[in-house]
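**Q** turn this into a structure:
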Amino acid sequence: MPNLDNFSSGGAPLTPLDIQRMEEESGQSQTLQLIPDQNYLRERADAMSTVETNIVELGTIFNKLAVMVGEHREMVERLEDNVDDANQNISLTFNTLTDTLNNLQSNRQLAMKLF
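**A** Predicted structure coming up:
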């Protein structure tokens, strides 16, 4: 690295132009780089854009998944209601058949007593 004190004029601070001239005179090509490479910055910006796009896509996927879960919840609730209704119908049918059988048996006994 060149000695910066030799190029300063009367103790005044060096300008970027002075530093560039010093580097050119000493045969160095930009040993002090104050701004990162533009290609690197573009690559980082593209990577961040890709990450942002992926996050938005994931958000969309999770929203669709939430809708599907909600729809399935409704179907499961309807199915549960149908099963409960079927269970009640079976219980009522069983009770009705039991009552009918009891009535038939008592009618048969009555008919036997009469004849």
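
**Q** C-alpha from now on. contacts and neighbour counts both.
**A** Noted.

**Q** worst-scoring helix or strand of the protein, pLDDT-wise?
**A** When the helices and strands of the chain are scored by mean pLDDT, DSSP states H and E, helix 16-26 comes last with a mean of 74.

**Q** tell me where this structure has helices.
**A** 16-26, 38-114 (DSSP state H).

**Q** just name the most buried of those.
**A** Most buried of the helices of the chain, by mean neighbour count (mean count of other Cα atoms under 10 Å): helix 16-26, with a mean of 14.

**Q** listing request: residues of the protein with sub-threshold pLDDT.
**A** By pLDDT under 70, the weakly predicted segments of the chain are 1-12, 26-36, 113-115.

**Q** again, only using 80
**A** Counting by pLDDT under 80, the low-confidence segments of the chain come to 1-14, 16-37, 107-115.

**Q** ok, residue 13 to residue 22 distance?
**A** Using Cα to Cα, to the nearest Å, residue 13 is found at 14 Å from residue 22.

**Q** likewise residue 112?
**A** Distance, residue 112 to residue 22, by Cα to Cα: 131 Å.

**Q** for residue 76, same thing?
**A** From residue 76 over to residue 22 the distance is 78 Å, taken as Cα to Cα.

**Q** what do you get for residue 75?
**A** Using Cα to Cα, residue 75 is found at 78 Å from residue 22.
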